[in-house]
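Participant: model this:
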Amino acid sequence: MKTVLFVCVHNAGRSQMAEAFFNHLAEQRGLPFRALSAGTAAGAQINPVVAEAMREAGLSLEGHCPKMLTQEMVDAADRIITMGCGVDATACPARLYITEDWGLPDPAGQPLAIVRQIRDAIRDHVGKLCDELTGQSS
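Facilitator: So this is what the prediction gives:
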């Protein structure tokens, strides 16, 4: 099983949404991939507005919690995707590892309507990634 690692600063929003969408789509498509997520400065809890937006999309983040990025996670990952390093460039893992950055805004402090837009952009990115990986796993 191959691993995709989604990384953001706090692991409380964007990377958690990407992990949930990816694992859902990979399971639906029978892809031999799984997703994990982590943060360079892990927060204390999942952003509650993010959790609500994901519930609306039919996916629960219940039981998820922010995790600190470790070297072991990086070493085990087949692909690392950062979620938007313009948010906190000093904590950006793209400075440390060769990654792909999706350039997504941080949902922290945003109203539900904005978080829905971020969620939908993440779902679109994840769908394209799964399309790409479907071709690779054939």
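Participant: give me the below-cutoff pLDDT ranges for the chain.
Facilitator: Across the chain, the ranges flagged by pLDDT under 70 are 85-98, 136-138.
Participant: now do 50
Facilitator: Within the chain, the ranges that satisfy pLDDT under 50 run 87, 94.
Participant: what about the residue nearest the centre of it, distance to Val4?
Facilitator: Centroid-nearest residue in the chain, with Cα atoms, centre = their mean: Ser15, separated by 2.4 Å. Distance, Ser15 to Val4, using Cβ to Cβ, to the nearest Å: 11 Å. C-beta here means a position set from N, CA and C on the backbone, and glycine is covered the same way.
Participant: got it, and Gly84?
Facilitator: 16 Å.
Participant: just say helix, strand or coil for the residue nearest to the centre of the chain.
Facilitator: Assigned with DSSP: H, G, I helix; E, B strand; the rest coil, Ser15 falls in the helix class.
Participant: circling back to that earlier point, for Gly84 and Val4, indicate the residue with more neighbours.
Facilitator: Between Gly84 and Val4, Val4 has the larger neighbour count (other Cβ atoms under 10 Å), namely 24 against 18.
Participant: list the buried residues in the longest helix along the chain.
Facilitator: Longest among the helix segments of the chain by residue count, using DSSP state H, is helix 112-137. Neighbour-count burial for helix 112-137, counted by 16 or more other Cβ atoms under 10 Å, picks out Val115, Arg116, Ile118, Arg119, Ala121, Ile122, Arg123, His125, Val126, Leu129, Cys130, Leu133.
Participant: that helix - contacts with which helices or strands?
Facilitator: Using 3 or more Cβ pairs under 8 Å, 6 or more residues apart in numbering; DSSP states H and E, the elements in contact with helix 112-137 are helix 14-29, helix 48-56.
Participant: closest one to Pro107 among those helices?
Facilitator: The minimum distance between Pro107 and the helices and strands packed on helix 112-137 falls on helix 48-56, with 5.5 Å, by Cβ to Cβ.
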